[in-house]
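Q: structure, please.
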Amino acid sequence: MGDFWVFGYGSLMWKPGFAHVETRHARLHGYRRALCVRSYVHRGTPERPGLVLGLDRGGSCLGMAFRVPGDLEDEVVAYLRARELVTHVYLERRLGVRLDDGRKVEALTYIVDRSHVQYAGALSVSEAATAVRGSVGQSGRNEDYVHNTLEHMLKMNIRDHWMEAVVTAVDGG
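A: Numbers count the residues shown, from 1 in each chain. Next comes the predicted model:
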């Protein structure tokens, strides 16, 4: 088995949780990072759902790609499935990404299932901010989740103007 790549667009970027031998900035075309998944447990409740990240169709997404040794594929894929497929709101896909050094590779990633009950749809900045503001779940305040996500992204030199606008709107700006 040869090495394979994993693409991360949210917490996977700064907390992958699996062994890898190379990390690169990478761009996935055809999908965008969005707060498009309703959270009924970790960042909200069934009565007041919060929002967490998903990869939704359209645009492009700058994230991180991790090269994993092929002999760890079964272990890493099992770990990622346990982490990402808890409620099956994501679909596992292998998609082409362009690495920051120009290489184009296929990477394992998780996109939102638009037919899943947790899919919130394509929200405007104000709709997303309204859903985030005041939502709290078992893992804490939804506002902390979006702030923490953006803070980590900026430290990694990953800009996302939509996420930045949502955070500004959450803060009342």
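
Q: hey, let's count contacts and neighbours off CA atoms from now on
A: Noted.

Q: can I get the helix or strand hosting Arg83 as PDB, trimmed to CA atoms?
A: Using DSSP states H and E, the secondary-structure element containing Arg83 is helix 73-84. Provided in PDB are the C-alpha atoms of helix 73-84 (Å, rounded to 0.1, in the frame of the first residue of the first chain):
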ATOM      1  CA  GLU A  73      -4.300   3.300   6.300                       C
ATOM      2  CA  ASP A  74      -6.600   0.900   8.000                       C
ATOM      3  CA  GLU A  75      -5.800   2.400  11.400                       C
ATOM      4  CA  VAL A  76      -6.200   6.000  10.300                       C
ATOM      5  CA  VAL A  77      -9.300   5.500   8.300                       C
ATOM      6  CA  ALA A  78     -10.900   3.700  11.300                       C
ATOM      7  CA  TYR A  79     -10.000   6.600  13.500                       C
ATOM      8  CA  LEU A  80     -11.400   9.100  11.100                       C
ATOM      9  CA  ARG A  81     -14.600   7.200  10.700                       C
ATOM     10  CA  ALA A  82     -15.100   7.000  14.400                       C
ATOM     11  CA  ARG A  83     -14.400  10.800  14.700                       C
ATOM     12  CA  GLU A  84     -16.300  12.100  11.700                       C
END
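
Q: the helix or strand following it - contacts with which helices or strands?
A: Moving toward the C-terminus from helix 73-84, the next helix or strand (DSSP H and E) is strand 90-99. Counting contacts by 3 or more C-alpha pairs under 8 Å, 6 or more residues apart in numbering; DSSP states H and E, strand 90-99 is packed against strand 22-39, strand 104-112.

Q: and the contacts of strand 90-99?
A: Residues outside strand 90-99 that contact it (C-alpha atoms under 8 Å, 6 or more residues apart in numbering) are 7, 24-29, 54, 65, 84-85, 104-113.

Q: can we see that at 10 Å?
A: 5-7, 23-30, 37, 54-55, 61-65, 77, 80-81, 84-85, 103-114, 116, 118-119 (C-alpha atoms under 10 Å, 6 or more residues apart in numbering).
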